[in-house]
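**Q** Need the 3D shape of this:
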Amino acid sequence: MMSEFEIYLSPEEAASDVFIAQRVKEYAERKGLIIGEWRLMRKSIDARKRPVAMLLRILACEPNESLPADVRLISYPQVGDKEQVGIIGAGPAGLFAALRLIEGGKCPVIFERGKDVRARRRDLAAITKDHIVNPDSNYCFGEGGAGTYSDGKLYTRSGKRGDIRRILEILVQFGADRNILTDAHPHIGTNKLPELIAAMREQILASGGKIHFESRVTEIIAEENQVKALEINAEKKYFFSNVILATGHSARDIFELLNLHNWTIEFKPFALGVRVEHPQSLIDKLQYHCDNRGDYLPPASYSLVTQVAQKGVYSFCMCPGGIIAPCATSQEEIVTNGWSPSRRNNPWANSGIVTEIGDQELSEYQQFGALRGLRFQQDIERKCWEAGGKSQKAPAQRMLDFVNGKLSSDLPECSYHPGLTSVRLDLLLPEFIVSRLKQAFLDFGKKMKGYLSNDAVLVAPESRTSSPVRIPRDSESLMHPDLSGLFPCGEGAGYAGGIVSAAMDGERVAEKVIGLV
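**A** This is a model prediction of the structure:
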């Protein structure tokens, strides 16, 4: 018979397999359990305890039983001569859709506007060093999608949308550390994700699938409301009966293309604000209630939310021990996001602090129809580019100075490597965003005493939290209502909010193409 139980350990004890085994044995003896095999199922931090403790969930079985395998390995068949399915985008939705198609006996053909993970790095360096943005190869576009160089967070609340455990096991199969199966808030790390993504690519190719890099879709060709072909780079055509559209939250040209053809797209509420950076040591002190977290506790994170004027303001994509990255996709814009390496060992902690943007905030943009959120997003990003000196130097302000409406006479050292320009963000951003953020920082300062500090710097804007446009799909067929054979998928379809969510949606759409659901 299987049994599950929880044990508390100190952070130092929880770092030792020998000590964990000893405590499991002690627990079993105390409860009168006779166990054989056991396995760690989940590890989380309980910061409510003084001192901070680690909570471990254990799965055990009796001596005459065996535990199920912790990773179900998948064998991928050869599909080079099978029916081809087009996939637009090589982010997590596109890659997991491709792998699932292979499992189901279909041959995926992926078109990715950006470069492979290795070649992509040179374009990322050019943004930081030379302030040059390649519109097809950047933090958002390229093999692996936006998540590849944005931390690789794997935490999701979308359990009802698919099998989270299956996604994590596939990631382990392709090289992720097994601790993602047990950590309460798993992440892979930007430094490790490229190798994993490359391993997925090699499997797709080894199974007979095809991947075309630097191949931007410039036209979707349809006849009698049925997808027929994709035009790539305004030159070559590839013919498909089924196409999975997995372009993410920033493929604005795809939204424009669908809109041009009068194929249905919809405005989708999103969120926008700033990226906030504190010294990691300060966040550690506030969360762990000690001056030094020691060697066994990871850098602390936080999750904050409040209501201001009946609108949510909340933390987004919190990166302990992280870096603020320049994530623009066009030359005359600034976009910020955050990431952490696998060890989360940088001296800063950053998070987006954003507020809801809906139709109430977009009264001046109604003439843009379904693209009204996108136009608002673009305007903010361009204003920040101009305020930063028409470069990737981002406008910034110390947190208390922002709350008090004061220009910062200097700015703290920051992980945002293109550099900062001291600007009054309260005069740059729309008033409704400013007023909400000001009140939110006051609220957060009460929840985490010390959070509201001039040691913290606000860097603007955090604008790509999710897509401001939804490409709709039928709830049953998962196809676009106007185009048979086109399967919107992942972030651009409004059905994802991170790597795991997008991956699950990619699998779900692929299963529909295969005919499994």
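
**Q** quick one: contacts for Ala370?
**A** Contacts for Ala370 (C-beta atoms under 8 Å, 6 or more residues apart in numbering) come out as 259, 265-267, 469. Glycine gets a C-beta too; all of them are placed from N, C-alpha and C.

**Q** how about TSV for those residues, with neighbour count, pLDDT and distance to Tyr416 added?
**A** Listed next are the contacts of Ala370 as TSV, based on neighbours: other C-beta atoms under 10 Å; pLDDT from 0 to 100; distance: C-beta to C-beta, whole Å:
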residue	neighbour count	pLDDT	distance to Tyr416
Asn259	17	97	33
Ile265	25	97	33
Glu266	12	97	33
Phe267	20	97	30
Val469	27	97	27
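
**Q** out of those, who's nearest Arg178?
**A** Taking C-beta to C-beta as the measure, Arg178 lies nearest Val469 of those, at 37.6 Å.

**Q** Beta-bridge partners for that closest one, please?
**A** Phe267 (DSSP bridges).

**Q** list the contacts for it?
**A** 255, 265-268, 370-371, 373-374, 492.

**Q** ok, now with 10 Å
**A** By C-beta atoms under 10 Å, 6 or more residues apart in numbering, Val469 lies in contact with 249, 251-252, 254-256, 258-259, 265-268, 270, 370-374, 377, 492-494.

**Q** In helices, which of those appear?
**A** Judged by DSSP state H, the contacts of Val469 include 252, 254-256, 258-259, 372-374, 377 as members of helices.

**Q** and Gly358, how far is that from Phe376?
**A** Between Gly358 and Phe376 the computed distance is 11 Å (C-beta to C-beta, to the nearest Å).

**Q** How is the protein partitioned into domains?
**A** 3-60, 84-266+469-514, 269-462 (automatic domain parsing).

**Q** So which of those is nearest Ser75?
**A** Nearest of the domains of the chain to Ser75, taken as C-beta to C-beta: domain 84-266+469-514 at 8.7 Å.

**Q** Span of stretch 436-455 from start to end?
**A** 21 Å (C-alpha to C-alpha, to the nearest Å).

**Q** Going by neighbour count, list what's buried in that stretch.
**A** Within stretch 436-455, the residues that count as buried by 16 or more other C-beta atoms under 10 Å are 436-441, 443-445, 448, 451-454.

**Q** those strands in the stretch 1-150 of the chain, which residues are they?
**A** With DSSP state E, counting those that start in this stretch as the criterion, the stretch 1-150 of the chain has strands at 3-9, 38-46, 53-60, 84-88, 107-111.

**Q** Quickly compare these and say which is most buried.
**A** Highest mean neighbour count among those (mean count of other C-beta atoms under 10 Å): strand 84-88, with a mean of 26.

**Q** I'd like the mean pLDDT over that strand, please.
**A** Across strand 84-88, pLDDT averages out at 98.

**Q** For the contacts of Val469, which PyMOL command selects only the ones that are buried?
**A** Burial among the contacts of Val469 is assessed by 16+ other C-beta under 10 Å; the matching PyMOL selection reads:
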select buried, resi 249+251+252+254+255+258+259+265+267+268+270+370+371+372+373+374+377+492+493+494
